[in-house]
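Undergrad: How does the following fold in three dimensions:
(2 chains)
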Amino acid sequence: MSAAAIEAVGLTKRYKSVTAVDDLSFRVREGAVTGFLGPNGAGKTTTLRMVLGLARPSEGTATIQGRRYVELDEPARTVGANLEVAGAHPGRSGRNHLRALAAMAGLPGSRVDEVLRLVELEGAADRRAGKYSLGMRQRLGLAATLLGDPQVLVLDEPANGLDPQGIRWLRDFLRAMAAQGRTVLVSSHVLAEVAQTVDDVVVIHRGRLVQQGPVESLTAAGAGVLVRTPRSVALRAALEHVRLAVTEAPDGALVVEGADAAQVGEIAFAAGVPLHELAARSTSLEEAFLALTTDAPPQVGP
Amino acid sequence: MNRLIAGELIKVRTTRTALGFAAAALLLVLASVLVSILAGHPDTIEDKRSALNFGNSISFVLLLLGAVGATGEFRHRTLAPAVLIAPDRLRLFTARTAAYALTALAVAVLMAVVTLAIGIPLLGGESGPDLAGGDYVRIAAGGLIVTALSGALGVGVGTLVRNQVFAVVGIIVWTTIAEPLITLADDGLTNYTLSSAPTRVGAGGDAEMAFLPAVLILVAWTAVFCVAAALVDRRRDVE
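TA: Numbers count the residues shown, from 1 in each chain, chains lettered A, B, ... in the order given. So this is what the prediction gives:
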C-alpha cells in the first residue's frame, strides 16, 4: 500500500445530540487526486476542518504526512487549504489579502505575484475582494492555497458556483497540480464536477464512510451481466456451481457478478439452458454515487 | 512571532477601518483641545493638564478599533486562513493583540503631536501657572500607554464576544451606563473602573490616584480580558 498523505482514523464530531461525523476512517494516497464526495450535509466540511485542525474531533485522529496539522512545522509550506468558509475581507484587495497571508507564512512578496499569475487573477488583484465574482473568489482562495508551494492541497467544494468555463478551468488546474506530483483532496457534492479529474474517491453519507477506492470501484460494485431465461433455477445452479455470485432482479432476470457476458453464455450453453437475453450491465458513476448516498446502509471501508 | 505581527499589521493597514478610526480619534482630540482651552480657559495646573489629556475617553475610539478588528475576523470569516498558517491559536491571538496595540500606539503618536502642537501655544495665552516639562512628558507617556492598552483591550473584548454589534454596544453600554451606575452604588469603586482609569493615566495621575497605580489598573483590565480571550479562543472551533 502506498504512503498516505492524509489519514483519518475513527474521526468523530458530535455537536450536542447531533453526530456530524461518525467513526470515519480513510486514507488519501500521495500524488493522487482524491474526490471527497457526499451529498450536502454529509459531513465533508466538518471532516476537512478536523483534518486541518480548525475543529477538534470528539474522537479519533487525522494526520497529514504522519503528523497532526497543529504539529506541522511550516503548515503553509506543507498543506494548502481552501475551505468553503475561508474568506477574504470584502474591503481588502485580493493582492493585499495574499500579502498578509504571505507575510504571516514568512514568504516573500514576490510569491504573491506568482500565485496571482497561476490562477489568472492578476488583472483583478488590486480590486477589493468584496467586488469579486464567486469564480474570482474561488481563484483567490486557490491562490492562497498555493502560496507556500505545498505538496498537499485540500479544497472544499472549489467548484461551487462556478460556471461551465470555470469548472473546466478548475479541472485543468487540478490535473496540472496532480501532474506536478501533488496530492489533492477535493470535496464535492456533485460527482460530475470531479469525476473526470479524480483518481480515487472517498464517499461519505450521514457522516459515515460508504465507499473508498479507485474511482472505477464506484461503478464496479453495480456492474455485472444481465441474463434472462425461462429456466432461471437451472441457470442459477450452473452459475453458482462455478462460484459466481448471482442475484435475482425483481423482474425475474438474473444478475451475475464476477464474469463477463461470454463466460455466462458458455456456462448456459454447457448447462443446456436457453437464453432470451444476455447483456453486460453497466452502472454510470452518477447512478452508483446516488445509490451509495441515498440512505444506503453504511459499509465498513477497507 | 514577528512575521505573524507583520501579517496582522498588513491586515490592519489594508482596509479603511483603521483609517476611519484614526481620523475620528484625531478629530476628537483636535476638538477636545480647542474647546477645553478656548472655551474652558484653564487657569490651574490640573485644568491645563486635563485640557491636553488626549489619553482620556477619546482612547475608547482605539478600544473600539481593536474590538471591530477582532470581531471582523469572525464576521468576514477571515480567521480560518490565518489559523491554517498559524495553527497555534495563542500565538495568533498574541500577534493580533500586538498589531492592534502598535496601531493604536501609532495613532497615539499623531494624537500627541496634534495635542501638543496646538495646545502648547494656546495655553501660553492663558492665565495661571505654566505646565512644567515633566507635566508634558507624563501627559504624552500616559496618552501613549492608555491608547496602546486600549487597542489591545479591544482585541480581547472582540475575541471573547465575537459578534461585532454586541462587542461595540457592550463596550459603550458598560463604560457609559453600567460603570456610572455601579459607582453610584459604591463611590469607592470609581478608582477601579475602566472609564476612569484612562483619564487618570492620560493626565499623569491626579490627587485621588497617582500615575503608576492608575496604569496598573488599566493593565489589569487589559490582562483580564486578553487572558480570558486567549483561553476561550484556544478551545474554540474555527467557524
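Undergrad: and residue A:116, how many neighbours?
TA: 21 (other Cβ atoms under 10 Å in any protein chain shown). Every C-beta, even on glycine, is put in place using the N, C-alpha and C of the backbone.
Undergrad: Quick check: next helix or strand after the biggest helix by length in chain B?
TA: Ranked by residue count, the top helix of chain B under DSSP state H comes out as helix B:89-124. Scanning forward in sequence from helix B:89-124 by DSSP states H and E, the next helix or strand is helix B:133-161.
Undergrad: Okay, buried residues for that following helix please.
TA: For helix B:133-161, the neighbour count (16 or more other Cβ atoms under 10 Å in any protein chain shown) marks B:135-136, B:138-161 as buried.
Undergrad: Please state the offset of that helix from the chain centre?
TA: Relative to its parent chain, helix B:133-161 has a centroid offset of 4 Å by Cα atoms, centre = their mean, to the nearest Å.
Undergrad: Nearest residue to the residue in the stretch 101-250 of chain A positioned nearest to chain B in space, please, no chain neighbours.
TA: Distances between the stretch 101-250 of chain A and chain B by Cβ to the nearest Cβ are smallest at residue A:104, namely 3.2 Å. In space, residue A:104 comes closest to residue B:7 once its chain neighbours are excluded; the distance is 3.2 Å by Cβ to Cβ, 6 or more residues apart in numbering or on different chains.
Undergrad: how much space between residue A:275 and residue A:246?
TA: Applying Cβ to Cβ, to the nearest Å, one obtains 14 Å for the distance of residue A:275 from residue A:246.
Undergrad: So the two - more neighbours on which side?
TA: residue A:246 (21 against 15).
Undergrad: Sheet-wise, list the partners of the strand or helix carrying the more buried one with their directions.
TA: Residue A:246 belongs to strand A:245-248 when assigned by DSSP H and E. Neighbouring strands of strand A:245-248 in its sheet, by DSSP bridges, are strand A:254-257 (antiparallel).
Undergrad: Report the buried residues of the partner strand.
TA: A:254, A:255, A:256, A:257.
Undergrad: Quick check: which of those has the minimum pLDDT.
TA: Looking at the buried residues of strand A:254-257, model confidence by pLDDT dips furthest at residue A:257: 80.
Undergrad: now it: how far from residue B:147?
TA: Separation of residue A:257 from residue B:147 (Cβ to Cβ) stands at 75 Å.
Undergrad: Please apply the same query to residue B:140.
TA: Taking Cβ to Cβ as the measure, residue B:140 falls 11 Å from residue B:147.
Undergrad: Kindly report the residues of the stretch 101-250 of chain A close to chain B.
TA: Taking Cβ under 8 Å from any Cβ of the partner chain, the part of the stretch 101-250 of chain A that reaches chain B is made up of A:101, A:102, A:103, A:104, A:105, A:106, A:144.
Undergrad: Reformat these as JSON lines; add neighbour count and distance to residue A:136.
TA: Formatted as JSON lines, those follow (neighbours: other Cβ atoms under 10 Å in any protein chain shown; distance: Cβ to Cβ, whole Å):
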{"residue": "A:101", "neighbour count": "28", "distance to residue A:136": "17"}
{"residue": "A:102", "neighbour count": "25", "distance to residue A:136": "19"}
{"residue": "A:103", "neighbour count": "23", "distance to residue A:136": "22"}
{"residue": "A:104", "neighbour count": "25", "distance to residue A:136": "22"}
{"residue": "A:105", "neighbour count": "21", "distance to residue A:136": "22"}
{"residue": "A:106", "neighbour count": "16", "distance to residue A:136": "27"}
{"residue": "A:144", "neighbour count": "27", "distance to residue A:136": "13"}
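Undergrad: Break down chain A into its helices, ranges please.
TA: A:44-51, A:75-78, A:94-104, A:110-118, A:134-146, A:164-179, A:191-194, A:216-220, A:232-241, A:261-271, A:285-292.
Undergrad: Mind putting those helices into CSV with mean pLDDT?
TA: Listed next are the helices of chain A as CSV, based on pLDDT from 0 to 100:
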stretch, mean pLDDT
helix A:44-51, 92
helix A:75-78, 90
helix A:94-104, 94
helix A:110-118, 91
helix A:134-146, 87
helix A:164-179, 82
helix A:191-194, 72
helix A:216-220, 71
helix A:232-241, 89
helix A:261-271, 89
helix A:285-292, 72
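Undergrad: Got the confidence number for residue 71?
TA: All of this is about chain A. Model confidence at residue A:71, expressed as pLDDT, equals 89.
Undergrad: could you do chain B instead?
TA: Looking at residue B:71, its pLDDT is 94.
Undergrad: on that earlier part again, okay, buried residues for the strand holding residue A:246 please.
TA: By neighbour count with 16+ other Cβ under 10 Å, strand A:245-248 contains the buried residues residue A:246.
Undergrad: so which residue of chain B comes closest to chain A?
TA: Closest point on chain B to chain A, by Cβ to the nearest Cβ, is residue B:7, at 3.2 Å.
Undergrad: thinking that residue is in contact with residue A:103, fair?
TA: Yes. Using Cβ atoms under 8 Å, residue B:7 is in contact with residue A:103, at 3.9 Å.
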